[in-house]
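Q: here's a sequence, model it:
(2 chains)
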Protein chains: 2
Amino acid sequence: MNSKDFGIWEGEVTTELPAQPDAGVYYIGRIHTPWTERKQCPKNARESDAICTIEIEERWVPALKDVASCTHLVLLYWMDRSPRNIVLQVPSHYGVQRGTFALRSPARPNPIAMSVVKLHGVDGNKLTVSGLDCLDGTPLIDIKPYFASTDSVPDTRVGWHEDRRPAE
Amino acid sequence: MNSKDFGIWEGEVTTELPAQPDAGVYYIGRIHTPWTERKQCPKNARESDAICTIEIEERWVPALKDVASCTHLVLLYWMDRSPRNIVLQVPSHYGVQRGTFALRSPARPNPIAMSVVKLHGVDGNKLTVSGLDCLDGTPLIDIKPYFASTDSVPDTRVGWHEDRRPAE
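A: Numbers count the residues shown, from 1 in each chain, chains lettered A, B, ... in the order given. Just a heads-up that it's a prediction; the model follows:
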């Protein structure tokens, strides 16, 4: 199944992509992680305390000012190997068809992943963080300060995810 | 000052943008809010309980399956009127130069805003949500389920933001 790591699976439904993109993204750096194959990546970023290094392109380094004062960051990165045309997908560990927008799968119209990471340090054009789950070399597209006042909502529910638990 | 709403301010520092984008983004829908000028937008999305409507493009509607079971969503949207070349900026309400990646300003290399919103309902290709702060007509680029287990980190700090308070 390894060759299908980034392909379309049985039971998945695709749509036709638009003819042209509407806007362009710049890669602002690269994420260096210990994982070079998808099957090595942690299933959940919080399961991993691996230290990862982010290298920022020279032109954007001045924009890192004050970042070191943050304990946590929101990182947006581009899952550049993912198909973008899947609307219904079957996560392998659940085996049920779900809508793409109800999943955190990298396969989505715009393959942007979002992770909340702990910042360990900033040194020149390099950041060290933990809390990532992506492949080595993944392109970074944004860094934001994590504000608990707006970004932390503890009492939320993802209904379909709860329903998958065995009935009691 | 209105004509400068989306421009470069005194004390701000820019960089040269790359010649070409590295990847393309598709707009998947539009966000409808009560705000048609930037000065009307809430400074902080949590300050507002205004109900906003999101209209999803037909081709992506099947991907909304199971979204209604989520109480909260992460929305990514494209701040299409923002300059992308600012590395140091001076937020008007603080008056101090900060790095772009230490701010949630829409002016950033990839003008992607991230908000955690409360989902009120899903009806066909329309979602009603609260917790947004953007202009009417803003392009939507992604919808994700909000998982408190990974996305909610209550004990975080943004040091520069605390330091701006008057000394005691």
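Q: okay, CA-based contacts and neighbour counts for the rest of this
A: OK.
Q: so which bits of the lowest-mean-pLDDT helix or strand in chain A are buried?
A: The weakest-scoring helix or strand in chain A, judged by mean pLDDT, DSSP states H and E, is helix A:159-163 (a mean of 87). By 16 or more other Cα atoms under 10 Å in any protein chain shown, the buried positions in helix A:159-163 come out as A:Gly159, A:Trp160.
Q: of all residues in chain A, which one is nearest the centre?
A: A:Ala113 (2.7 Å; Cα atoms, centre = their mean).
Q: quick one: A:Thr150 and B:Arg46 touch, right?
A: Yes - assessed by Cα atoms under 8 Å, A:Thr150 is found in contact with B:Arg46 at 6.2 Å.
Q: thinking again about what came up before, can you pull the contacts of the residue nearest to the centre of chain A?
A: With contact taken as Cα atoms under 8 Å, 6 or more residues apart in numbering or on different chains, A:Ala113 is in contact with A:Leu75, A:Leu76, A:Tyr77, A:Trp78, A:Met79, A:Arg104, A:Pro106.
Q: how close does the first one get to B:Met114?
A: Counting by Cα to Cα, to the nearest Å, the gap from A:Leu75 to B:Met114 is 10 Å.
Q: over to the fifth one?
A: Distance of A:Met79 to B:Met114, given as Cα to Cα: 17 Å.
Q: mind checking pLDDT for A:Pro166?
A: A:Pro166 carries a pLDDT value of 51.
Q: burial count for A:His72?
A: Number of residues near A:His72 (other Cα atoms under 10 Å in any protein chain shown) recorded here: 26.
Q: who's it bridged to?
A: Beta-bridge partners of A:His72, counted by DSSP bridges, are A:Lys118.
Q: thought it was touching A:Leu127?
A: No - here A:His72 does not reach A:Leu127: they are 11.8 Å apart, not a contact under Cα under 8 Å.
Q: now do the shared contacts for the two.
A: A:Leu119.
Q: so A:Leu88 touches A:Glu10, yeah?
A: No - the pair A:Leu88 / A:Glu10 is not scored as a contact, 10.6 Å apart, by Cα under 8 Å.
Q: of those two, which one has the most company?
A: A:Leu88 (25 against 8).
Q: for chain A, which segments count as helices?
A: In chain A, the helices defined using DSSP state H lie at A:148-151, A:159-163.
Q: any chance of the ones you listed in CSV, with distance to chain B too?
A: Shown next, in CSV, are the helices of chain A (distance: least, Cα to the nearest Cα, whole Å):
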stretch, distance to chain B
helix A:148-151, 5
helix A:159-163, 4
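Q: how about these in JSON lines, adding distance to A:Glu58?
A: Compiled in JSON lines, the helices of chain A are given as follows (distance: least, Cα to Cα, whole Å):
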{"stretch": "helix A:148-151", "distance to A:Glu58": "29"}
{"stretch": "helix A:159-163", "distance to A:Glu58": "41"}
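Q: which of those helices sits closest to B:Val61?
A: With Cα to Cα as the measure, helix A:159-163 is the member of those nearest B:Val61 (17.9 Å).
Q: what helices or strands is the least confident helix or strand of chain A leaning on?
A: Helices and strands in packing contact with helix A:159-163 are not found; criterion 3 or more Cα pairs under 8 Å, 6 or more residues apart in numbering or on different chains; DSSP states H and E.
Q: how about low-confidence regions in chain A?
A: Residue ranges of chain A with pLDDT under 70: A:1-8, A:164-168.
Q: what are the boundaries of the strands in it?
A: A:13-14, A:23-25, A:29-32, A:51-56, A:72-78, A:86-89, A:98-99, A:112-123, A:126-130, A:138-145 (DSSP state E).
Q: what residues sit buried inside the second one?
A: If I follow you right, that is strand A:23-25. In strand A:23-25, counting by 16+ other Cα under 10 Å, buried: A:Val25.
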